[in-house]
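# this one's structure only:
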């Protein structure tokens, strides 16, 4: 069997006659007729009802037609993906500013390996100021950043100073999370003041001052345990009365992957937006490889955003 035989069958079904199919394909009528007769012989089935008024597919012909259409669609996808892979190549350097950012960037790299294997991505993690500075100095092409609303103005100042462009992908809310049987989970109404009565676990690298200042809380107001590992901060919170402040979609996503389950609290006076987006230098347009990275970044982030809807 040959691919042309399947294409001829599709054309005959589409145009209703062998002669019309031959005209549309710019080949002779006898070429199609002979090819389809050979296909019937190879399959051991009659595919066409032939009459003076034209041709129509038999039941067996309709079954083969479905297979032929599926094969043609698959070939078109392969040709398109192959063409894209050949056309787009390059090296892209991107920095992320949080554990979440690095998880997404890893997903981006895995996706690009399938869709654009000629694009090579190098990634690292930085504090947000360092990330913006690296993009400003052209050390990195892109930055994927996340920041809380209380610190947004400081980020905007740095963006303007470095002539950087920020493109927001989605926003989230910070959640105060605890183990399922935490005393606060049984409390009818919880305020931020109630949360301060409990130990808080956080990452060693996390800067909490802007958030604390937003609520008028001094740095020593709440006992803090700092752990230099995301999974172990969750483990600590799941095993003690400590609270963990983290973006809502991150805890919901982590609950799908990790055995340390945490639940967000409904805190009446705690409403902090988390902003996520990508940054590039405002003086140049995205290269094709960079545009592919951004497209993958936005596609993957859309799946995280769905968790909070």
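Ah, there it is. Treat the numbers as computed from the prediction; the structure is a model and nothing was measured.
# OK, contacts around the residue located most distally from the centre of the chain?
Taking Cα atoms, centre = their mean as the measure, the residue most remote from the mean C-alpha position of the chain is residue 52, 55.9 Å away. Going by Cβ atoms under 8 Å, 6 or more residues apart in numbering, residue 52 touches no other residue. (Each C-beta comes from the backbone N, C-alpha and C, glycine too.)
# distance of it from residue 17?
11 Å (Cβ to Cβ, to the nearest Å).
# which residues of this structure score low on pLDDT?
In the prediction, the chain carries residues with pLDDT under 70 at positions 81-86, 205-221, 255-258, 306-309.
# ranges for the strands of this protein?
Residue ranges of the strands in the chain, as given by DSSP state E, are 48-51, 54-57, 90-96, 119-125, 142-148, 164-178, 200-203, 224-227, 244-247, 263-264, 273-281.
# what's the angle between the third one and strand 142-148?
For strand 90-96 and strand 142-148, the angle between their directions (axes from the mean of the first three to the mean of the last three Cα atoms, to 10 degrees) works out to 20 degrees.
# do the last one as well
Our comparison of strand 273-281 with strand 142-148, counting by the same axes, to 10 degrees, yields an angle of 160 degrees.
# phi, psi for the residue farthest from the centre of the chain please.
Dihedral angles phi and psi of residue 52 (degrees, to the nearest 10) take the values phi -60, psi -30.
# got it, and residue 27?
Phi and psi for residue 27, reported as degrees, to the nearest 10, are phi -130, psi 170.
# and it, how many residues sit next to it?
Residue 27: 15 surrounding residues under other Cβ atoms under 10 Å.
# buried stuff in the longest helix seen in the chain?
Longest helix in the chain by number of residues (criterion: DSSP state H): helix 59-87. Of the residues in helix 59-87, those with enough neighbours to count as buried (16 or more other Cβ atoms under 10 Å) are 61, 64, 65, 68.
# which strands or helices does that helix pack on?
Helices and strands touching helix 59-87, as assessed by 3 or more Cβ pairs under 8 Å, 6 or more residues apart in numbering; DSSP states H and E, comprise helix 3-15, helix 29-43, helix 99-115.
# now with 7 Å, please.
Taking 3 or more Cβ pairs under 7 Å, 6 or more residues apart in numbering; DSSP states H and E as the contact definition, the neighbouring helices and strands of helix 59-87 are helix 3-15.
# domain parsing for the protein?
What the record gives for the chain is the domain set 3-86, 92-306, from automatic domain parsing.
# pick the most deeply packed of those domains.
Comparing the domains of the chain by mean neighbour count (mean count of other Cβ atoms under 10 Å), domain 92-306 comes out on top with a mean of 17.
# what's opposite residue 55 in the beta bridge?
Beta bridges link residue 55 to residue 50, judged by DSSP bridges.
# isn't it up against residue 19?
No. Using Cβ atoms under 7 Å, residue 55 is not in contact with residue 19; the gap is 9.8 Å.
# and residue 235, what does it touch?
Applying Cβ atoms under 7 Å, 6 or more residues apart in numbering to residue 235 gives the contacts residue 260.
# separation between the spatially closest residue to residue 182 that is not a sequence neighbour and residue 29?
Taking Cβ to Cβ, 6 or more residues apart in numbering, and ignoring the residues beside it in sequence, residue 182 has residue 241 as its nearest neighbour in space, at 6.2 Å. Relative to residue 29, residue 241 is positioned 83 Å away (Cβ to Cβ).
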